[in-house]
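1. 3D model of this:
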Amino acid sequence: MKITERYKTLSDMPAVLPVFPLRGCILLPRAALPLNIFEPRYLAMFEAALSSHRLVAIVQPQRIPMAANDAPDDDADGESPPGSDVALRATGCVGRITAFQELDDNRLIVSLTGVTRCDMLDEVTKGTAYRRYRVSFDRFEQDLHPGLGEQDIPREQLLATLKRFLEARNLKADWSSISRSGSETLVNSLSVMSPYGPEEKQALLDAPSLKVRADMLIALAEMELAANGGTPGSTLQ
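-> Residues are numbered from 1 along each chain as shown. Below you'll find the model as predicted:
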């Protein structure tokens, strides 16, 4: 059964979900996200999900404000550390485990496929080593409708900007596969894979429509190209 056939209404979604907090990582409906799971509490989380509804929420932690005299800390707003209560962003996305592989070194390679975004309500603190939240899907009923808004996407402009962006970074793409991809798949997959920082990623996740998200992708790429003069090897911070 396809993802789009399994979840047809919001009532098909559970009210409480395990949460995987990851900085700089988002998921979007029908996009894929590969994960390498090795920490014991998250191995337990994915094993529990595999034995039940196979759903996990991907959510970014909130950025921790720094004092004026603090040195930058790349890990300060990263994945929630053991035993902590690092605040999470208000919105995440639920993914279904659609493939997994157990490795001999106790790692788990997982592929999540996005189902729908969700609002984080409050944390359920009892019973597990990993975090769980009550969530609401009320604002995201449209996420359950594949391809909604595809006709509004400036696809040719998006592809042209993507080509320039990749050429500036000396990167190649499988244009045959890209040309066959639906516009929703293209926009959401590019948003998930994009090399931008946590704030830009969250803005892409929070975009109210597919067209707004596509316009953001174009604007971000064009700003990066302008800032670096379109030179090969430029990177995003």
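
2. where does this structure have low pLDDT?
-> Counting by pLDDT under 70, the ranges of the chain that qualify are 64-84, 230-237.

3. Give me the phi and psi angles of Gly127.
-> Dihedral pair for Gly127: phi 100, psi -20, per degrees, to the nearest 10.

4. now it: how far from Asn36?
-> The span separating Gly127 from Asn36 equals 26 Å under the rule C-beta to C-beta, to the nearest Å. Quick note: C-beta positions are derived from backbone N, CA and C, even for glycine.

5. Would you tell me what the next helix or strand after the longest strand anywhere in the chain is?
-> Scanning the chain for the strand with the most residues, using DSSP state E, yields strand 108-124. Helices and strands here follow DSSP states H and E; after strand 108-124, the next one along the chain is strand 131-136.

6. tilt between that next one and strand 108-124?
-> Taking axes from the mean of the first three to the mean of the last three C-alpha atoms, to 10 degrees, strand 131-136 and strand 108-124 form an angle of 70 degrees between their directions.

7. Strand 131-136: which residues count as buried?
-> By neighbour count, with 16 or more other C-beta atoms under 10 Å as the criterion, the buried positions of strand 131-136 are 131-133, 135.

8. Please state the offset of the following helix or strand past it from the chain centre?
-> Helices and strands here follow DSSP H and E; after strand 131-136, the next one along the chain is helix 155-168. Here the centre of mass of C-alpha atoms in helix 155-168, compared against the chain's by C-alpha atoms, centre = their mean, to the nearest Å, lies 21 Å away.

9. which strands and helices sit next to the helix or strand harbouring Met216?
-> Here Met216 is covered by helix 210-227, with elements defined by DSSP H and E. Applying 3 or more C-beta pairs under 8 Å, 6 or more residues apart in numbering; DSSP states H and E, one finds that helix 210-227 contacts helix 155-168, helix 183-193, helix 198-206.

10. looking at those helices, which is closest to Ser111?
-> The minimum distance between Ser111 and the helices and strands packed on helix 210-227 falls on helix 183-193, with 12.0 Å, by C-beta to C-beta.

11. so the closest one versus helix 155-168, what angle?
-> Relative orientation of helix 183-193 and helix 155-168, computed by the same axes, to 10 degrees: 30 degrees.

12. Helix 183-193: which residues count as buried?
-> 183-192.

13. Alpha carbons of that helix, as CSV, please.
-> Taking Å, rounded to 0.1, in the frame of the first residue of the first chain, the C-alpha atoms of helix 183-193 are listed here in CSV:
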residue,chain,number,x,y,z
SER,A,183,6.9,19.1,-9.2
GLU,A,184,5.9,18.3,-5.6
THR,A,185,8.6,15.6,-5.4
LEU,A,186,11.1,18.0,-6.9
VAL,A,187,10.4,20.9,-4.6
ASN,A,188,10.1,18.9,-1.4
SER,A,189,13.1,16.7,-2.1
LEU,A,190,15.3,19.7,-3.0
SER,A,191,14.2,21.4,0.3
VAL,A,192,15.1,18.3,2.3
MET,A,193,18.5,17.9,0.6
